[in-house]
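Engineer: when you get a sec, could you give me coordinates for this:
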Amino acid sequence: MCSHGDVRVRVTAPPADGRANEALIALLAGHLHVPRSHLRIVQGASTRRKLVEIDELSASEVRARLGIS
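Structural biologist: Now for the predicted structure:
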């Protein structure tokens, strides 16, 4: 975990054609046990640093499901 509640995630998919973004959404959806449609990249779709919005989960629920205190 980084500062200000950031979470570092690394995916192996290449950034070309949005594959890394798709991999990130799939990874988070799997770990959070929510459908992919509940996640969306709201900032940074073409950069390394992204802001992901997650429907129906509070920040504390996200931290708990990811095992972050």
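Engineer: show me where pLDDT drops low in the chain?
Structural biologist: Along the chain, segments meeting pLDDT under 70 span 1-4.
Engineer: could you pull out the strands for it?
Structural biologist: For the chain, the strands defined by DSSP state E cover 39-43, 51-54.
Engineer: contact partners for the residue positioned nearest the centre of the chain?
Structural biologist: Central residue of the chain (CA atoms, centre = their mean): residue 28, 4.8 Å from the mean position. Shown in contact with residue 28 (CB atoms under 8 Å, 6 or more residues apart in numbering): 9, 39, 52, 54. Glycine gets a C-beta too; all of them are placed from N, C-alpha and C.
Engineer: what is the most widely separated pair among those residues?
Structural biologist: Between any two of the contacts of residue 28, the greatest separation by CB to CB is 13.1 Å, found for 9 and 54.
Engineer: on that earlier part again, most neighbours, which of the contacts of residue 28?
Structural biologist: Counting neighbours by other CB atoms under 10 Å, residue 39 leads these with 20 neighbours.
Engineer: return the distance of the residue nearest to residue 45 when sequence neighbours are not counted relative to residue 48.
Structural biologist: Once flanking residues are discounted, residue 45 sits nearest to residue 21: 6.0 Å by CB to CB, 6 or more residues apart in numbering. Distance, residue 21 to residue 48, by CB to CB, to the nearest Å: 11 Å.
Engineer: between these two, which has more neighbouring residues?
Structural biologist: Applying other CB under 10 Å to residue 21 and residue 48 shows that residue 21 carries more neighbours, namely 19 against 7.
Engineer: ok, longest helix in the protein?
Structural biologist: Criterion DSSP state H: the longest helix present in the chain is helix 19-32.
Engineer: so that one versus strand 39-43, what angle?
Structural biologist: 130 degrees (axes from the mean of the first three to the mean of the last three CA atoms, to 10 degrees).
Engineer: next, the buried residues of helix 19-32.
Structural biologist: By neighbour count on 16 or more other CB atoms under 10 Å, the buried set for helix 19-32 is 20, 21, 23, 24, 25, 28, 29, 32.
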